[in-house]
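# following is a predicted model, sequence given first.
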Amino acid sequence: MELTGIRTMEAPSPGRVRLVGDVRYDRGAPAAETFWYEVPEELAGGLSRTGNPWLACLLPIAAALGEPLRIRVPVDGLLLRGASEILAIWRAWYPRLRAIPLEADASAAPAGGTRSAAFFTGGVDSFYTALRHTPAPGSAGAVDELLTIGGLDIPLDREQAGSRRRERLRHAASLMGLGFSEIATNVKETRLREADWHDLSHGPGIVSAGLALEGRYRRLLIGSTKPYKSLQPLGSHPMTDPLLSTEGTRVVHDGASQGRGEKIAFISRFDVAMDALHVCYRGKDDANCGECEKCLRTLLWLELSGRRGACRTFSDAALDLRRVERIFLVPSLQPYYRELRRAAAGAARSDVVRAIDRSARRSTVRRQMVRLAEKLRDRRLLWRAARPLRRAALAGAVV
Amino acid sequence: MQLTRVETRPAPGRPGGVRLVGEIAYGDGRREDLWYEVDESLAGSLSTSGNPWLAALLPLAATLGEPLSLCLPVDSLLLRGADEIGSIWRGWYPWLSAVAIDAPAAEERPPSTRTGAFFSGGVDSFHTILRRLQEPTLRPEELVFVRGFDLRLSRDAALRARRDRIRRIADSLGLGLAEIATNVKETRVAEADWNDLSHGAILASCGLALEGRYGVLLIASTFDYGHLHPIGSHPLTDPLLSTSATRVVHDGAAYSRCLKVEYLAGSEVALANLHVCWESGGDENCGDCEKCLRTMLMLELAGALDRASTFSVRRLDLDRVARILLRRERSYDTYYREISRWALRNGRLDVHRAIETSHRSSRIRRKAVDLAQSWKQKRVLWRAARRLRNWAVQGRPA
């Protein structure tokens, strides 16, 4: 695949500017796509003129498709080395990925700016990073602003939800004494979908939006997903994210010293977080459904911190532990629930411990049934049984 | 623990040598000097900041659970990195303590220009320099040889032989050589576990002692990305020892040990000078210990063992390989599985069989060692414990 060229142009919405990249694929459909990043006019001066954001964004697609990646715009030498290191890490994590050559001219002049920003979604990880880096005394060093990306967790066509969330985050940033910037992108509507968002691409996808404004930033903070004590292969990881740094813009994976429980306990002390916390991607909306696994997990932590009632972005309905019992614990969720269970046991919440234990027991059976269904799927006579078996395994499960 | 004073002095007993000496005061009242020594031609590059001292003392502070206070300013990037390293270590080793670091913030200084590669003459560091010399970026300009790590400072003759060999290697590759000696392993800093915790940080501290000289310091990787586990030099932690002016790069983790040896098999300089052995105590490889045998297996499969002139024996004793005791199951996964598969691919069933025999027998013997350990404290069984242990380990390379 190849980035054939980039350009800056007026966006369809008034007062906005787009950085556009044309991408051609070697195989598959569509054979060519246009990727874009869009910012308000006042940020246009910081838009990238190099291949850096494009290298970050296209890397997971090339790895997933197994296509060589050619970037026809100069890139930063440090990023090019980092990208090839990331490919090696991904191949070690996911042996199904093939080695792919990277072809780019590493002669781009350093392009970083002077400001620092933390990516901000309003979720637990990004609130933790933002609150740790406010101008308040005792913080870990303030960032200049929070940067939110439109088009990632709320699709671009849900304009009202996107706009409501943007305003809520802008308000939260001002309450924290931080600046606020936003950038929108269509990357999730491209063949980036073919690269697993969770396992491979969400770190590079997010960082690419920051690098699209590389003329503005010298430091970009990305809130960690997993703590150091339970790291596992993931699209955003303390080993891969910093490798997306350029000579001018340093990418920092922030907050991995803390587990999810510690982060929620920290942010739940701040009204600004309790008024704007948004963790739910199921509804592709700006509200928390309160019913999906991620909402329930967050509610459980808030309950254990004694701050569930204070969080105004969840409805007042009591936490339904019977629903918790039906959570399907896939392997990547198990460390979260082990941590939750420990905290619940420490807080003498035997009802929560029981609910998690039941969920774990049921999940073991469900996982065995799912595995069996997957085996049957490829057998000649038995493949018809696979689908109902899988349905039965996941019946009533909260995912 | 506190870095109370730092000064530069002439090195005692070494004309033309200069020492950067730091006085360390511990929480229990004890004091000692930690030093780095270089030739006077390098003295202008010696650090005037707290950076090398923070890197050197961090593992010990985490081990002892003491706060760390430094009398010299520390680079803000390193300060943040040290804090992050502490978190990573506590994630790996929950018994370690969080270290409160108290140091004034240093002003950023302009980046230095040279690229130095730490060099011991082993597989990892040879692979890093030879590969980097063929690549357009991060080409090392000089080798950094640290005296006082695997050979004690008192072993003058062996150290001289090693240094002369490394100088010849540098000359033949057209590279410079910077030599730095340190007493770090003769101080309390050695109380921090060298393998699990401190060797990356201390290596970086030696480079940072010459921070005026280096823009990039290459530390050769120990394990590849597919076999990472907690260890003192790691791609997560090493880069966090960077300062604003000196970048520490953990290099080569994209390559497995077998791939590295296969690469070295194409270099006469590497084959004539490779040094992997910690048992011989000298400049040669004993050819008898587990590490030598493992390297010889890979050289044999790469078709280069007969040219590897630093091994005192150049014929592989497969009976001895079959008797290797793998102390942990992980040793097979990390080192031998890949060699065994390589042997199969090359049609070397004899090598494959020897490795698998060692693997099988190690499982039984490890159980025997564990059993002997549990008997050791029992009144009647302690004699049997000793015999059992002897049976399990005696005469086996490990």
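All right, it came through fine.
# break chain B down into its domains, please.
With domains defined by automatic domain parsing, chain B comprises B:2-251, B:276-393.
# for chain A, find the nearest of those domains.
The closest of these to chain A is domain B:2-251. By Cβ to the nearest Cβ, the value is 3.2 Å. Every C-beta, even on glycine, is put in place using the N, C-alpha and C of the backbone.
# right, is the closest one up against chain A?
Yes: contact between domain B:2-251 and chain A is present through B:80, B:83-84, B:87-88, B:90-92, B:94, B:136-138, B:224-226, B:235-236, B:239 (criterion: Cβ under 8 Å from any Cβ of the partner chain).
# ok so, going back, how about the domains of chain B in JSON lines, adding mean pLDDT?
As requested, the domains of chain B are exported to JSON lines (pLDDT from 0 to 100):
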{"stretch": "domain B:2-251", "mean pLDDT": "94"}
{"stretch": "domain B:276-393", "mean pLDDT": "88"}
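# for those, which one ends up most surrounded?
Stretch with highest mean neighbour count among the domains of chain B: domain B:2-251 (a mean of 19; mean count of other Cβ atoms under 10 Å in any protein chain shown).
# what's the span of that one from first residue to last?
Using Cα to Cα, to the nearest Å, one end of domain B:2-251 lies 32 Å from the other.
# hey, where'd the strands end up in the chain?
Went with chain A since none was named. In chain A, the segments counted as strands under DSSP state E are A:2-10, A:16-24, A:32-40, A:69-71, A:102-104, A:115-119, A:145-150, A:179-185, A:217-223, A:250-254.
# that answer is for a different chain, and I need it for chain B
Along chain B, counting by DSSP E, strands occupy B:2-10, B:17-25, B:31-39, B:68-70, B:101-102, B:114-118, B:142-147, B:176-182, B:214-220, B:247-251.
# for A:Leu147, which of the ones you listed is the nearest?
strand B:247-251 (25.2 Å; Cβ to Cβ).
# biggest helix in chain B, by residue count?
helix B:349-375 (DSSP state H).
# so which elements touch that helix?
On a contact count with 3 or more Cβ pairs under 8 Å, 6 or more residues apart in numbering or on different chains; DSSP states H and E, helix B:349-375 meets helix B:290-301, helix B:318-322, helix B:337-345, helix B:382-393.
# in CSV, list those along with distance to chain A.
Output for these, formatted as CSV (distance: least, Cβ to the nearest Cβ, whole Å):
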stretch, distance to chain A
helix B:290-301, 19
helix B:318-322, 27
helix B:337-345, 13
helix B:382-393, 33
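# ok, which of those comes nearest A:Ala136?
Closest of the helices and strands packed on helix B:349-375 to A:Ala136 is helix B:337-345, at 51.1 Å (criterion: Cβ to Cβ).
# helix B:290-301 and the closest one, what's the angle between them?
30 degrees (axes from the mean of the first three to the mean of the last three Cα atoms, to 10 degrees).
# what about the spatially closest residue to A:Leu213 that is not a sequence neighbour, neighbour count?
The shortest distance from A:Leu213 to any non-neighbouring residue, by Cβ to Cβ, 6 or more residues apart in numbering or on different chains, is to A:Gly46 (4.5 Å). By the criterion of other Cβ atoms under 10 Å in any protein chain shown, A:Gly46 has 18 neighbours.
# ok so, going back, the strands of chain A: which one's closest to chain B?
Minimum separation from chain B across the strands of chain A (Cβ to the nearest Cβ) falls at strand A:250-254, 8.2 Å.
# could I get the average pLDDT for the closest one?
For strand A:250-254, the mean per-residue pLDDT is 96.
# show me what it is packed up against.
Checking 3+ Cβ pairs under 8 Å, 6+ apart, strand A:250-254 ends up next to strand A:217-223.
# B:Leu64: what's it in contact with?
Shown in contact with B:Leu64 (Cβ atoms under 8 Å, 6 or more residues apart in numbering or on different chains): B:1, B:26-27, B:97, B:191.
# can we see that at 6 Å?
Contact analysis of B:Leu64 by Cβ atoms under 6 Å, 6 or more residues apart in numbering or on different chains lists nothing.
# quick check: it vs B:Ser97, distance?
From B:Leu64 across to B:Ser97, the span is 8 Å (Cβ to Cβ, to the nearest Å).
# next one: A:Arg354
With the distance defined as Cβ to Cβ, A:Arg354 ends up 35 Å from B:Ser97.
# B:Gly121 and B:His275 touch, don't they?
Yes: assessed by Cβ atoms under 6 Å, B:Gly121 is found in contact with B:His275 at 3.9 Å.
# what does the stretch 101-250 of chain A have sitting close to chain B?
A:228-229, A:238-239 (Cβ under 6 Å from any Cβ of the partner chain).
# again, only this time at 10 Å
Residues of the stretch 101-250 of chain A found near chain B (Cβ under 10 Å from any Cβ of the partner chain) are A:106, A:140-141, A:227-231, A:237-240, A:242-243, A:245, A:247, A:250.
# cool, and the stretch 251-399 of chain A?
A:252-259.
# repeat the analysis, applying 8 Å as the threshold.
A:256-257.
# can you give me the helices for the stretch 251-399 of chain A?
Along the stretch 251-399 of chain A, counting by DSSP state H, counting those that start in this stretch, helices occupy A:260-267, A:271-276, A:293-304, A:321-325, A:334-346, A:350-377, A:383-393.
# what sits against B:Asp319?
Neighbouring residues of B:Asp319 by Cβ under 8 Å, 6+ apart: B:Ala354.
# next one: the one 5 residues further on
By Cβ under 8 Å, 6+ apart, the residues touching B:Ile324 are B:290, B:293-294, B:358, B:362, B:396-398.
# could you rerun that using 6 Å?
Per Cβ under 6 Å, 6+ apart, neighbours of B:Ile324: B:290, B:358, B:397.
# hang on, the earlier thing: got the helices and strands packed on helix B:349-375 as JSON lines, with distance to B:Glu262 columns?
Converted to JSON lines, the helices and strands packed on helix B:349-375 look like this (distance: least, Cβ to Cβ, whole Å):
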{"stretch": "helix B:290-301", "distance to B:Glu262": "8"}
{"stretch": "helix B:318-322", "distance to B:Glu262": "19"}
{"stretch": "helix B:337-345", "distance to B:Glu262": "9"}
{"stretch": "helix B:382-393", "distance to B:Glu262": "32"}
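# of these, which is nearest B:Arg31?
That would be helix B:290-301 among these, by Cβ to Cβ, at 36.9 Å.
# any idea how many residues pack against the closest residue to A:Asp105 other than its chain neighbours?
Excluding its sequence neighbours, the residue lying closest to A:Asp105 (Cβ to Cβ, 6+ apart) is A:Pro74, at 4.7 Å. Neighbours of A:Pro74 under the rule other Cβ under 10 Å: 17.
# in terms of contact, does A:Pro74 touch A:Ala104 like I think?
No: the criterion here is Cβ under 6 Å, and A:Pro74 misses it with A:Ala104 at 7.4 Å.
# could you dump the helices of the stretch 251-399 of chain A into CSV and include mean pLDDT and mean neighbour count?
Shown next, in CSV, are those (pLDDT from 0 to 100; neighbours: other Cβ atoms under 10 Å in any protein chain shown):
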stretch, mean pLDDT, mean neighbour count
helix A:260-267, 93, 21
helix A:271-276, 95, 18
helix A:293-304, 94, 22
helix A:321-325, 94, 17
helix A:334-346, 93, 18
helix A:350-377, 92, 16
helix A:383-393, 86, 14
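# coming back round to it: A:Ala360: which of the strands of chain B is closest?
Nearest to A:Ala360, of the strands of chain B and by Cβ to Cβ, is strand B:247-251 at 37.2 Å.
# who touches that closest one?
Around strand B:247-251, the neighbours that count as contacts under Cβ under 6 Å, 6+ apart are B:128, B:204, B:216-221, B:235, B:238-239, B:241-242.
# and stretch A:389-399, by the same measure?
So stretch A:389-399 is contacted by A:293, A:323, A:326-328, A:366, A:369-370, A:373 (Cβ under 6 Å, 6+ apart).
# can I get the CA coordinates of that stretch in PDB?
Provided in PDB are the C-alpha atoms of stretch A:389-399 (Å, rounded to 0.1, in the frame of the first residue of the first chain):
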ATOM      1  CA  LEU A 389     -24.000 -23.800  20.000                       C
ATOM      2  CA  ARG A 390     -22.300 -20.400  20.000                       C
ATOM      3  CA  ARG A 391     -25.700 -18.700  20.400                       C
ATOM      4  CA  ALA A 392     -26.500 -20.900  23.300                       C
ATOM      5  CA  ALA A 393     -23.100 -20.300  24.900                       C
ATOM      6  CA  LEU A 394     -23.600 -16.500  24.800                       C
ATOM      7  CA  ALA A 395     -27.300 -16.500  25.600                       C
ATOM      8  CA  GLY A 396     -28.000 -13.900  28.200                       C
ATOM      9  CA  ALA A 397     -24.300 -13.000  28.500                       C
ATOM     10  CA  VAL A 398     -23.300  -9.400  29.100                       C
ATOM     11  CA  VAL A 399     -20.500  -8.500  26.800                       C
END
